[in-house]
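Enquirer: below: sequence and its predicted model.
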Amino acid sequence: MHRVKDFLPISTIELLQKQGYFLFGHAAVKTCHYTKQALRSKKSCYKQKFYGVQSHQCIQMSPASAFCDQKCVYCWRPTHTFIPVLKSQSPQVVGVDSPQEIVEESIRGQAIQLSGFGGFKDVNREKLAESKLPKHAALSLTGEPTLYPQLPELIQAYHQQGISTFLVSNGLHPEMLERLIKNPPTQLYLSVDSPKKEIHDSLNKPVFSDSWKKLNQSIELLSQFPSRTVIRITCVKGKNMQFPQEFAALIQKGNPDFVEIKGYVHIGFSQYRLPRNCMPSFKEVKAFAQEIAQHLGYHYKMDDKESLVCLLVRSDWKDKSTIIPFRKLFPKAFEEQDAHMQKWKERQAKTKK
């Protein structure tokens, strides 16, 4: 495992650590707000409602902590620190951390970040015990995961541990997505926030001039994936919500299983780049989603008002559940969890006596 300072300048390390990131090598973990909420039996992430992801067992991580080739104006992260290529800052350091190292360290990092929850009176003890056995990894925390050269092997390493994967990509690396077709994540998200090049350039602030071409190549690759695919649109009021028909035409190229239409939220570092009135209301997001559904021929399946997100599904999903059958995908991991939790319950019963 490389040192964090081999990849990031001290100023970036200090900033990310101050924000609660657990850094290791060129990767990072940060406990999600909804993981913390779920441990207190409160609100769970919309992914639980849409797809069955258990928030208290989800690791929010990235194999590319401060590496991204876009500086999206709506991003809540410190994009001014982003480095467009994942490589060491030191000429003496060669290569990247292995997939197995990243998997093990991300699990350890999550455990460290959750270690203090046992002291809270309102914590759900059973969920806390289950959280020590993570079942999902969201490769979406920060940076661009497809910059990590061993991403297919990382996905495979998580799956071998019985951990499902949710990969969110900006779509600027179709060559990596092509490699992922043989080792796909459980669910692949492509962020498509602009219906045309001019908006892409102003909203996503790509570093490289051929990014619009690359994004379109990635969209066209989606239909080749054997796993579930999602196109996600972040709605920024006054910037990209005027083009439902153009978005529908772009989405049609990829024929994804699902389309998530999510409202921009005025938080984090995005507050320095956008005014608050760029944050749409849920009513506006829903109306925009319904317009896209009409042009696209997709079905409006469900929504989560608090998260400002709506889910559209392809016609063949209209009457089917969107919940992922995790137990069927990873039977051994769930058998081990069931055995572990049975022993935990027996210990709890003895303690109460």
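Expert: It's in.
Enquirer: which parts of the longest helix along the chain are buried?
Expert: The single longest helix within the chain, with elements called by DSSP state H, is helix 331-352. Under the neighbour-count criterion of 16 or more other Cβ atoms under 10 Å, helix 331-352 has 333-334, 337 buried. Where you see a C-beta, it was placed from the backbone N, CA and C, and this is true even at glycine.
Enquirer: can I get that helix as PDB, trimmed to CA atoms?
Expert: What follows is helix 331-352, C-alpha atoms only, in PDB (Å, rounded to 0.1, in the frame of the first residue of the first chain):
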ATOM      1  CA  PRO A 331     -25.500 -16.700  -1.500                       C
ATOM      2  CA  LYS A 332     -22.400 -17.700   0.400                       C
ATOM      3  CA  ALA A 333     -21.800 -14.200   1.900                       C
ATOM      4  CA  PHE A 334     -25.400 -14.000   3.100                       C
ATOM      5  CA  GLU A 335     -25.200 -17.500   4.600                       C
ATOM      6  CA  GLU A 336     -22.200 -16.400   6.600                       C
ATOM      7  CA  GLN A 337     -24.000 -13.200   7.600                       C
ATOM      8  CA  ASP A 338     -27.000 -15.200   8.800                       C
ATOM      9  CA  ALA A 339     -24.800 -17.500  10.800                       C
ATOM     10  CA  HIS A 340     -22.900 -14.600  12.300                       C
ATOM     11  CA  MET A 341     -26.200 -12.800  13.200                       C
ATOM     12  CA  GLN A 342     -27.700 -15.900  14.800                       C
ATOM     13  CA  LYS A 343     -24.700 -16.200  17.100                       C
ATOM     14  CA  TRP A 344     -25.000 -12.500  17.900                       C
ATOM     15  CA  LYS A 345     -28.600 -12.800  18.800                       C
ATOM     16  CA  GLU A 346     -27.900 -15.800  21.000                       C
ATOM     17  CA  ARG A 347     -25.200 -13.800  22.900                       C
ATOM     18  CA  GLN A 348     -27.700 -10.900  23.300                       C
ATOM     19  CA  ALA A 349     -30.300 -13.200  24.700                       C
ATOM     20  CA  LYS A 350     -27.800 -14.600  27.300                       C
ATOM     21  CA  THR A 351     -26.700 -11.000  28.200                       C
ATOM     22  CA  LYS A 352     -30.400 -10.000  28.900                       C
END
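Enquirer: which elements pack onto that helix?
Expert: Applying 3 or more Cβ pairs under 8 Å, 6 or more residues apart in numbering; DSSP states H and E, one finds that helix 331-352 contacts helix 125-131.
Enquirer: in the helix it packs on, what counts as buried?
Expert: Buried residues in helix 125-131 (16+ other Cβ under 10 Å): 127-131.
Enquirer: output these in JSON lines; the columns should cover distance to Trp344.
Expert: Converted to JSON lines, the buried residues of helix 125-131 look like this (distance: Cβ to Cβ, whole Å):
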{"residue": "Lys127", "distance to Trp344": "11"}
{"residue": "Leu128", "distance to Trp344": "10"}
{"residue": "Ala129", "distance to Trp344": "5"}
{"residue": "Glu130", "distance to Trp344": "9"}
{"residue": "Ser131", "distance to Trp344": "12"}
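Enquirer: closest to Lys343 among those residues?
Expert: Ala129 (9.9 Å; Cβ to Cβ).
Enquirer: so the closest one makes contact with Lys343?
Expert: No - using Cβ atoms under 8 Å, Ala129 makes no contact with Lys343, being 9.9 Å away.
Enquirer: can you pull out the strands in the protein?
Expert: Using DSSP state E, the strands of the chain run over residues 22-24, 27-29, 58-62, 136-139, 164-169, 187-191, 228-235, 258-263, 299-304, 309-313.
Enquirer: mind listing the strands the second one pairs with, and their directions?
Expert: It stands for strand 27-29. strand 22-24 (antiparallel), strand 58-62 (antiparallel) (DSSP bridges).
Enquirer: likewise for the fourth one?
Expert: Strands adjacent to strand 136-139 in the sheet, as given by DSSP bridges, are strand 58-62 (parallel), strand 164-169 (parallel).
Enquirer: list the contacts of the nearest residue to Val236 once chain neighbours are set aside.
Expert: For Val236, ignoring the flanking residues on the chain, the nearest one in space by Cβ to Cβ, 6 or more residues apart in numbering is Tyr264 at 4.5 Å. Contacts were defined as Cβ atoms under 8 Å, 6 or more residues apart in numbering; by that measure Tyr264 touches 74, 234-237, 270, 274, 278-280.
Enquirer: Tyr264 and Asn277, how far apart?
Expert: Counting by Cβ to Cβ, to the nearest Å, the gap from Tyr264 to Asn277 is 11 Å.
Enquirer: who touches both of the two?
Expert: Contact criterion Cβ under 8 Å, 6+ apart; residues shared by Tyr264 and Asn277: Lys237.
Enquirer: Val265 reaches Leu308, doesn't it?
Expert: Yes - assessed by Cβ under 8 Å, Val265 is found in contact with Leu308 at 6.7 Å.
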